[in-house]
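Undergrad: coordinates only, sequence not included:
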Ligand code: CS2
Ligand code: MN
């Protein structure tokens with residue numbers, strides 16, 4: 001059981017606080033200052049490791065080593081960026097880090113229309129309404145997300161990158177689902193040798209929400225596409241980050257069934273709930289099953305039954321109890337999520353079948 005931590009200077013939550021959440025022994029972290037395409041310095045990785053160890057925790061994995069758009073679009077300079085990525089993986093492997101989460105979403109990472117929707121209990125949460133997204137242009141959405149970020153740099157929304165939105169959209173003009181898929185396979189095949197050498201599990205994060213946004217293709221969003229990817233590069237180190245909140249945006253996705261079909265290919269799980277309000281409209285609820293649309297017991301049980309032995313973290317939390325900080329990544333609600341997930345895990349593992 002782990003929690004995500006963005007690093008000193010990037011996160012309002014402190015390592016010593018994470019250390020006090022029952023059952024959490026590790027963090028999922030990243031070099032928050034690194035831009036997609038940059039090679040990570042070995043001494044920056046060891047400094048991060050030492051800081052986490054100093055707090056009595058370990059690094060369970062990296063989320064994320066982000067992928068440069070040249071790799072996603074298959075631009076001529078992709079080989080250079082893939083070489084940089086391989087160097088970063090080598091250095092992570094040498095630092096005894098064996099799990100890397102990444103995504104292959106064009107231009108944007110996760111998309112929301114509101115980062116602080118007030119729920120009936122007064123908590124603030126992320127929400128999404130396709131009608132709002134359809135009305136605004138990507139520039140406006142970027143501005144609105146950054147205006148709601150409380151001064152934090154939100155993962156996936158690096159202002160440096162998003163300042164070049166027009167250029168980015170132009171790069172994806174000729175990229176449809178098939179091309180994007182082929183570019184992903186090209187990337188995975190190129191990095192598999194280094195992953196095998198250092199036993200690094202690559203865990204692709206599903207598209208969030210699980211459908212195309214702003215006309216950009218999305219290829220990691222349902223069972224069929226996930227299995228196609230697993231079969232295309234058939235190595236256990238080509239795996240999935242089972243993010244229930246992302247896959248769960250589409251009511252057609254049966255998550256326990258997806259978990260069963262991905263047996264052995266899930267090194268990392270993001271477990272959170274969401275409430276589907278109407279088609280194309282959802283908000284992030286508390287982790288508890290009864291607060292949202294997902295059956296969290298069935299999800300944890302499916303992981304348990306398929307022999308899952310990877311890393312779990314709660315995903316976004318609501319802002320509760322007056323906590324301020326990075327939207328989605330406060331301490332309190334995520335700690336409640338951890339405790340709930342630990343309870344579910346203990347229950348399923350002690351129940352005789
Ligand atoms: C995360 C994603 O905060 C979140 O929504 O689940 O941003 C995730 O870190 C990336 O998609 C993985 O590269
Ligand atoms: Mn996630």
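TA: Cool, the structure landed. This is a predicted model, so every value here is computed, not measured. Ligands and ions are numbered 1, 2, ... in the order given.
Undergrad: Could you pull up the contacting residues of the closest residue to ligand 2 within the stretch 101-250 of the chain?
TA: Per C-beta to the ion, the residue of the stretch 101-250 of the chain with the smallest distance to ligand 2 is residue 243, at 3.4 Å. In this view, the C-beta of every residue, glycine as well, is placed from N, C-alpha and C. Residue 243 is in contact with 205, 206, 208, 269, 270, 272, 315, counting by C-beta atoms under 8 Å, 6 or more residues apart in numbering.
Undergrad: One more pass at 10 Å, please.
TA: Contacts of residue 243 were listed using C-beta atoms under 10 Å, 6 or more residues apart in numbering, and they are 101, 103, 110, 203-208, 210, 220, 249, 255, 268-272, 313, 315.
Undergrad: And for residue 274?
TA: Contact partners of residue 274, counting by C-beta under 10 Å, 6+ apart, are 125-128, 209, 244-246, 248-249, 282-285, 291-294, 315-316.
Undergrad: restrict the contacts of residue 243 to contacts with ligand 1.
TA: When contact is defined as C-beta under 6 Å from any ligand atom, the contacts of residue 243 meet ligand 1 at 101, 103, 110, 205, 208, 270, 315.
Undergrad: mind listing which of these are in helices?
TA: Applying DSSP state H to the ones next to ligand 1 among the contacts of residue 243, no entry is found in helices.
Undergrad: Can I get these in a markdown table including pLDDT and neighbour count?
TA: Compiled in a markdown table, these are given as follows (pLDDT from 0 to 100; neighbours: other C-beta atoms under 10 Å):
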| residue | pLDDT | neighbour count |
| --- | --- | --- |
| 101 | 98 | 27 |
| 103 | 98 | 24 |
| 110 | 93 | 23 |
| 205 | 98 | 23 |
| 208 | 97 | 27 |
| 270 | 98 | 25 |
| 315 | 94 | 23 |
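Undergrad: could the residues you listed be laid out in a markdown table, adding distance to ligand 2?
TA: Output for these, formatted as a markdown table (distance: C-beta to the ion, whole Å):
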| residue | distance to ligand 2 |
| --- | --- |
| 101 | 8 |
| 103 | 9 |
| 110 | 8 |
| 205 | 6 |
| 208 | 7 |
| 270 | 4 |
| 315 | 5 |
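Undergrad: Which of the residues you listed fall within strands?
TA: Those of the ones next to ligand 1 among the contacts of residue 243 mapping onto strands are 101, 103, 205, 270, per DSSP state E.
Undergrad: For residue 181, what is the enclosing helix or strand?
TA: Here residue 181 sits within helix 177-198, counting by DSSP states H and E.
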